[in-house]
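Undergrad: sequence first, predicted coordinates after that:
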Amino acid sequence: MMMKKRIGLLVGSALLMGSSVSALANTAEFRTQIRVLSADACVLSVAAQGDTAWALNWEEQDRTAGTSTLTVKEGELGEPLLVRVKLTDASGASCSLNGIKLGATAATTATATGLFKAAVGEGFWEYMPTLTKLETFSTVAGAEAGTAAAKLPANTVKAKYAAGEHVISETAQHNANTEVTVEGTTQRFLALTHNYVNATGITPFNLGGQAQAVTLESTAAEPVKSALIGVGALVAKNPVNAEGQADFALLDTVENVNLPFTVTVELP
């Protein structure tokens, strides 16, 4: 059977104002619109950059022994998927992305450890959207073009949680296609991407009561005008029943399981 992973992204858009011309009989009417900018007004543009989904295959091996395989389709495992965040032209010169709040939502409420649960028959499939990378740029166009000259050093970027912070690394601290144990569950989880934030691979966007659990903090001298947010996920290797035990029978009449979530970005 096929298990498909889909990510929804919260996209922000700005109203563009310009000038217009209309012709009436022998007249030509011109209108000029003036955009009033505030030095304190900051407006974000948020969009996916590239792919927004992973496709996985789950296969039962031995029901009695409780063995199965969960694999990601070839070519889709490794680097994080990306969300591009930048300040728009409507933003004041003093605006920066330093302090933006990052989170994730889904149809269900996340647990205190950051897990969402997608219904599968009388049971569910657990998964955790994760922040896996942060790249910051000193220009608005930097994140879109990946301009090396505008990229700020990785060690000037932190992912801050209420319980602590992680300095971003230039190299992966935890590798894709490795298994992870999440507190409070009896399951093993598969990491879909490399993680540049934490060596444990456990860097949830949502911690139950904190839907936006992560804050981007920059210590660079230059203001952050754009950023790339690396998105990953930890996916349980099997569905579980109401008692929290792996239960292959839940999939007897199921062909596809969708594990959607939406990444959110907000100004401080």
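TA: That came through fine. Residues are numbered from 1 along each chain as shown.

Undergrad: low pLDDT regions in the stretch 51-200 of the chain?
TA: By pLDDT under 70, the low-scoring segments of the stretch 51-200 of the chain are 74-77, 146.

Undergrad: ranges for the helices of the stretch 1-150 of the chain?
TA: 142-145 (DSSP state H, counting those that start in this stretch).

Undergrad: which parts of it are strands?
TA: 2-9, 20-24, 27-31, 44-49, 53-62, 67-72, 81-87, 101-105, 116-120, 123-137 (DSSP state E, counting those that start in this stretch).

Undergrad: which one of the ones you listed lies closest to E165?
TA: strand 123-137 (11.7 Å; Cβ to Cβ). In this view, the C-beta of every residue, glycine as well, is placed from N, C-alpha and C.

Undergrad: which helices and strands does the closest one pack with?
TA: Other elements packing on strand 123-137 under the criterion 3 or more Cβ pairs under 8 Å, 6 or more residues apart in numbering; DSSP states H and E are strand 2-9, strand 116-120, strand 157-161, strand 188-191, strand 214-218, strand 226-236, strand 261-266.

Undergrad: mean confidence for the last one?
TA: Taken as a whole, strand 261-266 has an average pLDDT of 90.

Undergrad: the inter-axis angle of that strand versus strand 101-105?
TA: 150 degrees (axes from the mean of the first three to the mean of the last three Cα atoms, to 10 degrees).

Undergrad: in strand 261-266, what counts as buried?
TA: For strand 261-266, the neighbour count (16 or more other Cβ atoms under 10 Å) marks 261-265 as buried.

Undergrad: coming back round to it: possible to save the helices and strands packed on strand 123-137 as a markdown table with distance to A172?
TA: Formatted as a markdown table, these follow (distance: least, Cβ to Cβ, whole Å):
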| stretch | distance to A172 |
| --- | --- |
| strand 2-9 | 20 |
| strand 116-120 | 24 |
| strand 157-161 | 15 |
| strand 188-191 | 10 |
| strand 214-218 | 18 |
| strand 226-236 | 10 |
| strand 261-266 | 20 |
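
Undergrad: deepest of those, which one?
TA: strand 226-236 (a mean of 25; mean count of other Cβ atoms under 10 Å).

Undergrad: partner strands of that strand, parallel or antiparallel?
TA: Note on strand 226-236: by DSSP bridges, its sheet partners are strand 81-87 (antiparallel), strand 123-137 (antiparallel), strand 188-191 (antiparallel).

Undergrad: let's have these in CSV, adding distance to T156.
TA: As requested, the strands paired with strand 226-236 are exported to CSV (distance: least, Cβ to Cβ, whole Å):
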stretch, distance to T156
strand 81-87, 17
strand 123-137, 7
strand 188-191, 26
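
Undergrad: from those strands, which stretch is densest packed?
TA: Greatest average neighbour count among the strands paired with strand 226-236 goes to strand 123-137 (a mean of 25), per mean count of other Cβ under 10 Å.

Undergrad: CA atoms only for that strand, dumped as PDB, please.
TA: Written as PDB, here are the backbone C-alpha positions of strand 123-137 (Å, rounded to 0.1, in the frame of the first residue of the first chain):
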ATOM      1  CA  GLY A 123      -6.800   3.800  15.400                       C
ATOM      2  CA  PHE A 124      -4.400   6.500  14.200                       C
ATOM      3  CA  TRP A 125      -1.000   7.200  12.700                       C
ATOM      4  CA  GLU A 126       1.300   9.400  14.600                       C
ATOM      5  CA  TYR A 127       3.600  12.000  13.000                       C
ATOM      6  CA  MET A 128       5.600  15.100  14.000                       C
ATOM      7  CA  PRO A 129       6.300  18.100  11.700                       C
ATOM      8  CA  THR A 130       9.800  19.300  12.400                       C
ATOM      9  CA  LEU A 131      12.000  22.300  11.900                       C
ATOM     10  CA  THR A 132      15.100  20.900  10.300                       C
ATOM     11  CA  LYS A 133      17.000  23.900   9.000                       C
ATOM     12  CA  LEU A 134      17.200  27.700   9.100                       C
ATOM     13  CA  GLU A 135      19.000  29.900   6.600                       C
ATOM     14  CA  THR A 136      18.900  33.700   6.900                       C
ATOM     15  CA  PHE A 137      19.800  36.400   4.400                       C
END
